[in-house]
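Chemist: Just need the structure, nothing else, for what follows:
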Amino acid sequence: MPPEAIALLAFFIGVAVVIGAIAAYAVGPRRPITVVLPVLGAFGSLYVVGHRLGLSVGPQLSLFGFEVSIVWDVAAAAVAAVIVALVQRAIVRRGSSSA
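Modeler: Predicted coordinates:
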């Protein structure tokens, strides 16, 4: 794997962590462990939309030698992270109310 690809992967991992943490904090519940699933949802979205499907909407910029539609990718990751956080919150609330 070329160093540029590793740098791009590290960048998107960082983006997924930040977006997932924000989504988990905004939606709740606010426990450190609840950040994991929204981060995985954000990264999964970045992988599927940007890499597997190759969808690119809007302007592109060169990032580590790759043409990336960063606005579209970040928006898709944010939507995915919020959806995962909402589902997670619903499951946690359902589990705590039935106990």
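Chemist: what's the helix or strand for the residue most central in space within the chain?
Modeler: Nearest to the mean C-alpha position of the chain, counting by CA atoms, centre = their mean, stands residue 42 at 1.4 Å. Using DSSP states H and E, the secondary-structure element containing residue 42 is helix 36-45.
Chemist: quick check: mean pLDDT across that helix?
Modeler: Along helix 36-45, the predicted local confidence has a mean pLDDT of 96.
Chemist: The next helix or strand after it pairs with which strands, parallel or anti?
Modeler: Towards the C-terminus, the helix or strand next in line after helix 36-45, according to DSSP H and E, is strand 61-63. Strands flanking strand 61-63 in the sheet, each with its direction: strand 66-68 (antiparallel) (DSSP bridges).
Chemist: Contacts for the strand it pairs with, please.
Modeler: By CB atoms under 8 Å, 6 or more residues apart in numbering, the residues outside strand 66-68 that reach it are 4, 5, 8, 50, 56, 60, 61, 62. The C-beta positions use only the backbone N, C-alpha and C, and glycine is treated the same way.
Chemist: Just the C-alpha atoms of stretch 4-17, please, in PDB.
Modeler: Included here for stretch 4-17 are C-alpha records, laid out as PDB according to Å, rounded to 0.1, in the frame of the first residue of the first chain:
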ATOM      1  CA  GLU A   4      -0.300   8.300   0.100                       C
ATOM      2  CA  ALA A   5      -3.100   5.700   0.500                       C
ATOM      3  CA  ILE A   6      -2.100   5.100   4.100                       C
ATOM      4  CA  ALA A   7      -2.300   8.800   4.800                       C
ATOM      5  CA  LEU A   8      -5.700   9.100   3.200                       C
ATOM      6  CA  LEU A   9      -6.900   6.100   5.200                       C
ATOM      7  CA  ALA A  10      -5.600   7.700   8.400                       C
ATOM      8  CA  PHE A  11      -7.300  11.000   7.500                       C
ATOM      9  CA  PHE A  12     -10.600   9.300   7.000                       C
ATOM     10  CA  ILE A  13     -10.300   7.300  10.200                       C
ATOM     11  CA  GLY A  14      -9.700  10.600  12.000                       C
ATOM     12  CA  VAL A  15     -12.700  12.100  10.300                       C
ATOM     13  CA  ALA A  16     -14.900   9.100  11.300                       C
ATOM     14  CA  VAL A  17     -13.800   9.300  14.900                       C
END
